[in-house]
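**Student:** sequence and predicted structure below; questions after.
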Amino acid sequence: MLRRVLRPLIAYLMRRGVGYIAMRDLLKRVFVEEALKIHNGDEAATDSQISLITGINRREVKRLRDETTRPSPTERDPMAGINMAARAVATWVSVPAFRNAAGEPRPLAAHGDGTTTSFDDLLRAAKIDVRARTVIDELLRAGVVEQDADERLRLLRPTYTPAAPREKMLFLASNVSDHLRSAFHNLSSSDTPFIERALFHNAIRADRLDAARPILADMADRLLRQANERLMDSNLASTDAETTPAAGTFRRLRLGVYYYETDSEDRP
């Protein structure tokens with residue numbers, strides 16, 4: 001199981017010039033961080049206990065533990081701007097007020113004047129409490145929207161996909177990490193399992209798959225759009241901007257759809 005999980009990661013790292021030593025050092029740090037989480041950050045947990053859990057010698061545990069627990073300067077969440085842009089697009093394509101009679105996202109005025117639906121209205125519906133210009137600039141930079149001579153904003157595609165490699169990495173880390181956590185939860189917990197299903201066919205003619213691929217992509221887009229619309233209906237979904245839950249505690253979810261194809265002889 002570990003070999004199958006690690007193979008695509010290791011192959012990618014080698015293509016990017018990241019070798020075993022760098023990976024080894026990173027793994028040691030992650031082992032210590034996760035061991036400390038098991039102890040809930042309990043300062044009473046000794047280096048020997050952490051060493052026993054991780055298999056890393058005590059000297060290395062002490063060094064890594066000092067680095068892990070050392071206060072670090074407060075930094076802005078690197079996903080904050082990306083998440084706001086993605087949530088704005090998701091609201092634009094999901095909420096009926098921002099769609100036309102055909103169900104397509106309607107053009108929006110950059111700023112509201114009380115007579116027409118505007119981008120300011122969209123931000124309020126998405127519960128994004130920042131200046132509209134900040135989000136608009138991000139969407140323009142990513143090529144998700146265009147702005148005409150009348151400063152009306154038109155959505156060019158129904159999903160937010162970052163353009164910069166670093167931002168793509170951040171999305172990958174979040175998506176793959178939660179996918180693994182979901183799968184491991186199902187392996188180790190007797191609680192209600194998370195959704196973890198896949199459709200697979202081992203022998204499909206390439207020309208037929210070429211025809212099916214855009215259909216599958218459209219089905220995936222519609223599933224996520226409908227799920228988001230359902231969650232946002234009647235304010236069922238909350239956002240990072242809200243800090244006081246109305247009842248109980250906040251939870252977070254991630255619903256994903258993925259697709260992969262390769263030669264039929266290339267088995268996982």
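**Tutor:** Nice, thanks for sending it over.

**Student:** residues contacting residue 62?
**Tutor:** residue 47 (C-beta atoms under 8 Å, 6 or more residues apart in numbering). Any C-beta I mention is one placed from the backbone N, CA and C, and that applies to glycine too.

**Student:** and it, what pLDDT?
**Tutor:** With respect to pLDDT, residue 62 scores 93.

**Student:** helix or strand for it, which one?
**Tutor:** When elements are assigned from DSSP states H and E, residue 62 belongs to helix 58-69.

**Student:** hey, C-alpha coordinates of that helix in PDB?
**Tutor:** Extracted as PDB, the C-alpha positions of helix 58-69 are listed here (Å, rounded to 0.1, in the frame of the first residue of the first chain):
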ATOM      1  CA  ARG A  58      16.700  11.100  20.900                       C
ATOM      2  CA  ARG A  59      19.300  13.700  19.800                       C
ATOM      3  CA  GLU A  60      17.500  14.200  16.500                       C
ATOM      4  CA  VAL A  61      14.200  14.300  18.300                       C
ATOM      5  CA  LYS A  62      15.400  17.100  20.600                       C
ATOM      6  CA  ARG A  63      16.800  19.100  17.700                       C
ATOM      7  CA  LEU A  64      13.600  18.800  15.600                       C
ATOM      8  CA  ARG A  65      11.400  19.300  18.600                       C
ATOM      9  CA  ASP A  66      13.100  22.600  19.400                       C
ATOM     10  CA  GLU A  67      12.700  23.700  15.800                       C
ATOM     11  CA  THR A  68       9.000  22.600  15.700                       C
ATOM     12  CA  THR A  69       8.000  24.300  19.000                       C
END
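
**Student:** what distance separates the very next helix or strand once past it from the centre of its chain?
**Tutor:** Of the helices and strands lying after helix 58-69 in sequence (DSSP H and E), the nearest is helix 80-94. Offset of helix 80-94 from its chain centre (C-alpha atoms, centre = their mean, to the nearest Å): 12 Å.

**Student:** got it, and stretch 50-60?
**Tutor:** Here stretch 50-60 is found 32 Å from its chain centre; the criterion is C-alpha atoms, centre = their mean.

**Student:** who's in contact with that stretch?
**Tutor:** Applying C-beta under 8 Å, 6+ apart, the contact partners of stretch 50-60 are 28, 31, 32, 35, 36, 38, 39, 47, 48, 61, 64, 65.

**Student:** recalculate using a threshold of 10 Å.
**Tutor:** Outside of stretch 50-60, the residues that reach it under the criterion C-beta atoms under 10 Å, 6 or more residues apart in numbering are 25, 27-36, 38-39, 45-49, 61-65.

**Student:** now swap in stretch 14-28 and tell me
**Tutor:** Contact with stretch 14-28 is made by 6, 9-10, 12-13, 54-57, 60-61, 63-64, as judged by C-beta under 10 Å, 6+ apart.

**Student:** coming back round to it: mind listing what's buried in the helix holding residue 62?
**Tutor:** For helix 58-69, a neighbour-count test (16 or more other C-beta atoms under 10 Å) marks 60, 61, 64, 65 as buried.

**Student:** before we move on, what about stretch 24-43?
**Tutor:** 28, 29, 31, 32, 35, 36.

**Student:** then stretch 91-102?
**Tutor:** Going by neighbour count (16+ other C-beta under 10 Å), the buried part of stretch 91-102 is 91, 92, 93, 94, 95, 98.

**Student:** distance check, the last one against residue 183.
**Tutor:** Just to be clear, that refers to residue 98. Note on residue 98: its distance to residue 183, by C-beta to C-beta, to the nearest Å, is 35 Å.

**Student:** with the second one instead?
**Tutor:** Taking C-beta to C-beta as the measure, residue 92 and residue 183 are separated by 32 Å.

**Student:** residue 107: neighbour count?
**Tutor:** 17 (other C-beta atoms under 10 Å).

**Student:** would you agree residue 67 is in contact with residue 36?
**Tutor:** No - using C-beta atoms under 10 Å as the test, residue 67 is too far from residue 36 to be in contact (11.6 Å).

**Student:** tell me which element residue 143 is part of?
**Tutor:** With secondary structure defined by DSSP H and E, residue 143 is part of neither a helix nor a strand.
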